[in-house]
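[1] I would like the atomic coordinates for the input below:
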Amino acid sequence: MKPHTHGRIGRAGGGSRQRLTLGPGASSPGRLLDRFPSVRPLGWLAGLFWLAAALRAGEPPAPSGPGDEALGAYFRAETARLGANCLADIKTLEDWTSRREGYRQQLLDMLGLWPLPERTGLEPVITGRLEQPDFAVEKLQFQSLPGFYATANLYLPKGAPRPAPAILYVCGHAAVLTNGVSCGNKTAYQHHGVWFARNGYVCLVLDTVQLGELQGIHHGTYRERMWWWNARGYTPAGAEAWNCIRALDYLEGRSEVDPQRLGVTGRSGGGAYSWWLAAVDDRVKAAAPVAGITDLQNHVVDGTVEGHCDCMFMVNTYRWDYPHVAALVAPRPLLLGNSDKDTIFPLDGVERLHAKLARIYALYGASNRLGLLITEGPHRDTQDLQLPVFRWFNRHLRGQEPLIEMAARPQFAPLELRVFGPLPADERTTRIHESLVPVAPTPAVPASAQEWPALSERWREGLRTKVFAGWPSEPGPLESRQAGAARQAELRLEAWDFTSQPTVPLRLYVLSSAKSLRADRVVLHVLDESEWPAWLAAMSHAFPAVLGAERTAAKTNAPPPDPAGFAAWRDRSRDAAAFVFLAPRGIGLNAWTSDERKQTQLRRRFMLLGQTLDSMRVWDIRRAVQAIDGLSGLRGRPVWLRAQGSMGANALYAAVFEPRVRRLDLWRLPASHRLGPDYLNVLRVLDLPQAVALACEHAAVALHETEAAAWQFPLGVRERLGWQPARLVVEGNARDGASATR
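    Have a look, this model is predicted:
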């Protein structure tokens, strides 16, 4: 992702220099931001640059080989499935109303807000007030949770009837700085607050977490490599939604506000937050989100996810497409606004979403409460979009439709609207991702063997429904078929293709004695990105004909044949075992582009589909275990699994769900999912020590090159349940003796 560029916008009092990000800010590298009219010439120049970036951001990844092509087919198939299922079973109004509250709870859960956090005291503080002839502005801070500060400007009309309708204006992404100090993106969107106040509305313009006066993070997965956000079930969309909910709490408490006439609007990122709030909170009586939503087809297949930061997406635990979110606003008045040349919210996706949404409004007999506004232009805050939004609220919150004669114009230098002097020492806004979503508490070792079955089943159910819900509901046929075979001295290598999912073909490599008819066990090695080249070098020395496609796929990165490496495997293969090797999706023959930026965006696509790359690699390992049972000479043989690092964790969870796995050898297993791998919500259910205990129910587990202190829970379970010491061996633990060598 490219860094923000900045344009100067003149000087404020005292000679300080104001700076406004031109570009998408935290949300969209390709986005054209709103800008003050005073910088329009410079904005147009920057806009040309950022428009080109937006066009690039919206492009799907260019296939560079079979792996990329297969991945593209996978994303298309999964996206089509979720799109076809979206609201498809809603045939009557009763179908919808009977499920609506359940759906709302699911959405809150996917925002990391279920159960809802405690509504602690807001502790509001007005730090200043600006007077104009027809309105005033209060500079406001409140705490949506203790230490979770939000900053805002409250625009109050003068001389208007009270109580007045109120608008929560949620800001899009604009970084406004004075001498390196953030004034908050509320200052870039002040013209909306000014217009609403001058026309009789109370308007609260709310800063966002990342681009407010306290600088939080919206780019955990996009840029910061905080993949543990997925594991925790955290998304900044949830933090923004919670701040919006508490902002309504504040507005309800103001004597100037009619709590029965609350509306929400915003554009871009603010458009997205308007959707979250209106979907989960019925206090919103009318909504007008602008350029803040489209469907999975645009995001996953067309690639617009690459133009958005994490705040635009829920953690898709229940595998929704975005019309499902929008439908929760029905039957309240909703205006969906967008431009026809918006590259990060493409018009075709907006129209598909509106068509599904219109069906829900029709069930209510409320089609006149749903509007679709399409204007000409790119992703910008244009007057063409503003005026219909103003009219929408006049119609639905005031029962009036006067002619709009007043333009929305900014009135203040950004520094004038800044809320804080010194920043509060007790703030946790900048690190709210560490605490907003609680993780499962570290459990105590069961007091008795009788407690274990209920605990074990609760964890398994949580894994099935909250962590691995993206697995196929029907596994489908394996379609195993031999792809090659060769003999070298006393060894034989066979290649077997099988189907993990309809668009995910994988290959198993079986190394066995050419003399022995049957092996007494199967040792399945799951190769990660670092192991694959060494394995390919060793095996291609002896079996070049079998591995020709693999060497071709590796292109210029194909390692030279390694006779010493093959000799080591030859020596290991003299015992009574068959060795099977698997490179899960994205590795080996099915490797994708190695470009780090593209890899990041591919991983984010999985998340949008209610999966992660690692969770689907667990599925691949499970399918490999099942495929082994169909191979000649291996049917019914116990399976031993071996893997290292994060791939070892993938093998661990495969063993939890595949009782044919009788032994696990795992090297350098991470002590927590905070370190990897990432599965959706897993830390809300359990962590790796508890997963080890689950695997020990039917498999012997050996943990190598690790510290025993990290595994006290499964060791304690082993002792409490009376399992044999060999059920769990931790290398270096004096009580357990030496572990097996790899």
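
[2] which residue ranges of the stretch 251-400 of the chain form strands?
    Residue ranges of the strands in the stretch 251-400 of the chain, as given by DSSP state E, counting those that start in this stretch, are 257-267, 284-290, 334-339, 370-375.

[3] need those in TSV (columns: distance to Ala489).
    Every C-beta, even on glycine, is put in place using the N, C-alpha and C of the backbone. Formatted as TSV, the strands of the stretch 251-400 of the chain follow (distance: least, C-beta to C-beta, whole Å):
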stretch	distance to Ala489
strand 257-267	69
strand 284-290	68
strand 334-339	67
strand 370-375	71
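
[4] for Trp275, find the nearest of those strands.
    Closest to Trp275 of the strands of the stretch 251-400 of the chain is strand 284-290 (C-beta to C-beta; 5.2 Å).

[5] parallel or antiparallel, list what pairs with that closest one.
    Strand 284-290 has its sheet partners listed here by DSSP bridges as strand 257-267 (parallel), strand 334-339 (parallel).

[6] shaky segments in the stretch 601-742 of the chain?
    Residues of the stretch 601-742 of the chain that meet the criterion pLDDT under 70 lie in 732-742.

[7] which residues in it form helices?
    In the stretch 601-742 of the chain, the segments counted as helices under DSSP state H, counting those that start in this stretch are 613-628, 645-657, 688-695, 712-721.

[8] ok so, going back, what's the most buried one of the strands paired with strand 284-290?
    strand 334-339 (a mean of 25; mean count of other C-beta atoms under 10 Å).

[9] report the rounded mean pLDDT for that strand.
    Mean per-residue pLDDT for strand 334-339: 98.

[10] and the angle from that strand to strand 370-375?
    Counting by axes from the mean of the first three to the mean of the last three C-alpha atoms, to 10 degrees, strand 334-339 lies at 20 degrees to strand 370-375.

[11] ok now strand 334-339, how far from the chain's centre?
    The chain centroid and the centroid of strand 334-339 are separated by 24 Å under C-alpha atoms, centre = their mean, to the nearest Å.

[12] circling back: any chance of a markdown table for the strands paired with strand 284-290, columns distance to Phe313?
    Compiled in a markdown table, these are given as follows (distance: least, C-beta to C-beta, whole Å):
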| stretch | distance to Phe313 |
| --- | --- |
| strand 257-267 | 16 |
| strand 334-339 | 18 |
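
[13] out of those strands, nearest to Phe606?
    strand 334-339 (26.5 Å).

[14] can you show me the CA trace of that closest one as PDB?
    Extracted in PDB, the C-alpha atoms of strand 334-339 (Å, rounded to 0.1, in the frame of the first residue of the first chain):
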ATOM      1  CA  LEU A 334     -33.100   4.200   3.600                       C
ATOM      2  CA  LEU A 335     -31.500   6.100   0.800                       C
ATOM      3  CA  LEU A 336     -28.600   4.300  -0.900                       C
ATOM      4  CA  GLY A 337     -26.300   6.800  -2.600                       C
ATOM      5  CA  ASN A 338     -23.400   6.200  -5.000                       C
ATOM      6  CA  SER A 339     -21.600   7.600  -8.000                       C
END
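
[15] tell me the helices and strands packed up against the helix or strand hosting Leu508.
    According to DSSP states H and E, Leu508 maps onto strand 504-513. Identification of packing neighbours for strand 504-513 by 3 or more C-beta pairs under 8 Å, 6 or more residues apart in numbering; DSSP states H and E yields helix 66-85, strand 491-501, strand 577-582, helix 613-628.

[16] give the partner strands of the helix or strand just after that strand in its sheet and their orientations.
    Next helix or strand after strand 504-513 toward the C-terminus (DSSP H and E): strand 521-526. Strand pairing for strand 521-526, determined by DSSP bridges: strand 577-582 (parallel), strand 639-644 (parallel).

[17] shaky segments in the stretch 401-550 of the chain?
    Applying pLDDT under 70 to the stretch 401-550 of the chain picks out residues 516-517.

[18] before we move on, the earlier item: of all the strands paired with strand 521-526, which one is nearest Ala702?
    Here strand 639-644 is closest among the strands paired with strand 521-526 (C-beta to C-beta), at 9.4 Å.

[19] taking helix 645-657 as reference, get the angle to that closest one.
    Using the same axes, to 10 degrees: strand 639-644 against helix 645-657 is 160 degrees.

[20] what's in contact with strand 639-644?
    521-526, 528, 531, 577, 621, 625, 628, 650-651, 654-655, 658, 660-668, 742 (C-beta atoms under 8 Å, 6 or more residues apart in numbering).

[21] can you tell me the closest non-neighbouring residue to Ala136?
    Distances taken as C-beta to C-beta, 6 or more residues apart in numbering put Leu156 closest to Ala136, at 4.9 Å, once the chain neighbours are dropped.

[22] now for the closest residue to Leu602 other than its chain neighbours: which residues touch it?
    Among residues not flanking Leu602 along the chain, Trp592 sits closest, at 6.4 Å (C-beta to C-beta, 6+ apart). Trp592 sits next to Gly67, Asp68, Leu71, Gly586, Lys598, Gln599, Leu602 when contact means C-beta under 8 Å, 6+ apart.

[23] closest one of the residues you listed to Gln482?
    Nearest to Gln482 among these, with distances taken as C-beta to C-beta, is Gly67, at 21.4 Å.

[24] hang on, the earlier thing: quick check: the residue nearest to Leu602 vs Arg81, distance?
    21 Å (C-beta to C-beta, to the nearest Å).

[25] what helix or strand is the residue nearest to Ala136 on?
    strand 148-157.

[26] restricting to C-alpha, output that strand in PDB.
    Extracted C-alpha coordinates of strand 148-157, given in PDB (Å, rounded to 0.1, in the frame of the first residue of the first chain):
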ATOM      1  CA  PHE A 148     -12.100   4.600  24.800                       C
ATOM      2  CA  TYR A 149     -12.300   8.300  23.900                       C
ATOM      3  CA  ALA A 150     -14.300   9.700  21.000                       C
ATOM      4  CA  THR A 151     -14.000  13.200  19.800                       C
ATOM      5  CA  ALA A 152     -16.800  15.100  18.000                       C
ATOM      6  CA  ASN A 153     -18.200  18.400  17.100                       C
ATOM      7  CA  LEU A 154     -21.900  19.100  18.000                       C
ATOM      8  CA  TYR A 155     -23.600  21.600  15.700                       C
ATOM      9  CA  LEU A 156     -26.600  23.300  17.400                       C
ATOM     10  CA  PRO A 157     -29.100  25.400  15.500                       C
END
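
[27] any idea of the angle whatever helix or strand comes next after that strand forms with strand 284-290?
    Proceeding N to C from strand 148-157, the next assigned helix or strand is strand 164-170, under DSSP H and E. Angle of strand 164-170 versus strand 284-290, following the same axes, to 10 degrees, is 40 degrees.

[28] show me what contacts the residue nearest to Ala136?
    Here Leu156 is in contact with Phe135, Ala136, Val137, Glu138, Ala197, Val202, Glu256 (C-beta under 8 Å, 6+ apart).

[29] likewise Ala80?
    Counting by C-beta under 8 Å, 6+ apart, the residues that Ala80 touches are Gln297.

[30] run a quick neighbour tally on Arg635.
    The tally of other residues near Arg635 (other C-beta atoms under 10 Å) stands at 10.

[31] so it makes contact with Asp629?
    Yes - the pair Arg635 and Asp629 passes the contact test of C-beta atoms under 8 Å, sitting 5.4 Å apart.

[32] rewinding a little: in a markdown table: the strands paired with strand 521-526, plus mean neighbour count and distance to Trp496.
    As requested, those are arranged in a markdown table below (neighbours: other C-beta atoms under 10 Å; distance: least, C-beta to C-beta, whole Å):
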| stretch | mean neighbour count | distance to Trp496 |
| --- | --- | --- |
| strand 577-582 | 24 | 9 |
| strand 639-644 | 25 | 15 |
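
[33] between the ones you listed, which one is closest to Leu609.
    strand 577-582 (22.5 Å).

[34] quick one, that closest one and helix 613-628 angle?
    Using the same axes, to 10 degrees: strand 577-582 against helix 613-628 is 140 degrees.

[35] could you give the angle of strand 577-582 to strand 504-513?
    160 degrees.

[36] low-confidence regions, the stretch 51-200 of the chain specifically.
    Ranges of the stretch 51-200 of the chain meeting pLDDT under 70: 51-64.
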